[in-house]
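Asker: Coordinates only, no sequence provided:
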């Protein structure tokens, strides 16, 4: 199974999930500007959406969209506890959280990476993100992970998108529980393994 990724992009979340679950993935880096894979192929021929992540199964089937991939990987290793069983109330709660992160956070960051975005829109999006993070801050002030006492795919996704805040100057310093959460996730060995593989940290930054 192969993961098409770009370092630090939202594809980091399924990379973390696979690492946490002990699933070996072949990695194929994608140049998102040129829409080319590292070996020179047209990425649109693999994923017509042109975005990462995408996973290619041994059968040749391709699955895109991070939250769907996260759940697929978790379901391959249910013993990992990364996602509750399908059909349970807890699974629907997880899907609700994944949708929240996707629509309220992930997509709100997108215009902040575009230098053509008007200043007024930048200000509005940053204020919007502050409001949406407030809900998660209240949750994380009461429990270590988004869904309770266990790390799940939702935590991998939140960690990934929240890492973007510094790059686009979104001030999250008031959210102390969120900051503590980011640190907890970053210190997980499986997370460090994925980040090291993407070149986001060096071997000297890996904690024992």
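Answerer: Good, I have the coordinates. Bear in mind the structure is a predicted one, so any value in this text is a computation, not a measurement.

Asker: okay, CA-based contacts and neighbour counts for the rest of this
Answerer: OK.

Asker: how about residue 29, phi and psi?
Answerer: In terms of degrees, to the nearest 10, the main-chain angles of residue 29 are phi -70, psi 140.

Asker: Counting neighbours, what do you get for it?
Answerer: Look at residue 29: counted by other Cα atoms under 10 Å, it has 16 neighbours.

Asker: Distance check, it against residue 175.
Answerer: Computed as Cα to Cα, to the nearest Å, the residue 29 to residue 175 distance reads 33 Å.

Asker: Using the record's domain definitions, break the protein down for me.
Answerer: Structural domains annotated on the chain: 2-80+199-205, 89-190, as defined by automatic domain parsing.

Asker: I'd like those domains as TSV, with mean pLDDT appended.
Answerer: Output for those, formatted as TSV (pLDDT from 0 to 100):
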stretch	mean pLDDT
domain 2-80+199-205	96
domain 89-190	97
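
Asker: Name the helix or strand for the nearest residue to residue 195 once chain neighbours are set aside, please.
Answerer: Nearest non-adjacent residue to residue 195, counting by Cα to Cα, 6 or more residues apart in numbering: residue 201, 5.9 Å away. Using DSSP states H and E, residue 201 maps to neither a helix nor a strand.

Asker: So residue 201 sits against residue 193, correct?
Answerer: No - counting by Cα atoms under 8 Å, residue 201 stays clear of residue 193, with 9.3 Å between them.

Asker: more neighbours, the two?
Answerer: residue 193 (17 against 14).

Asker: Now do residue 71 against residue 58, distance only.
Answerer: 18 Å.

Asker: do residue 46 as well
Answerer: Counting by Cα to Cα, the gap from residue 46 to residue 58 is 14 Å.

Asker: what about the two, which has more around it?
Answerer: The neighbour comparison of residue 46 against residue 58 (other Cα under 10 Å) goes to residue 46, with 19 against 9.

Asker: from what I can see that one touches residue 62, true?
Answerer: Yes - Residue 46 is in contact with residue 62 according to Cα under 8 Å; the separation is 7.5 Å.

Asker: burial of residue 96, as a residue count?
Answerer: So residue 96, with other Cα under 10 Å, has 13 neighbours.

Asker: That one in helix, strand or coil?
Answerer: Three-state call for residue 96 (DSSP: H, G, I helix; E, B strand; the rest coil): helix.

Asker: how far away is it from residue 168?
Answerer: Applying Cα to Cα to residue 96 and residue 168 gives a distance of 26 Å.
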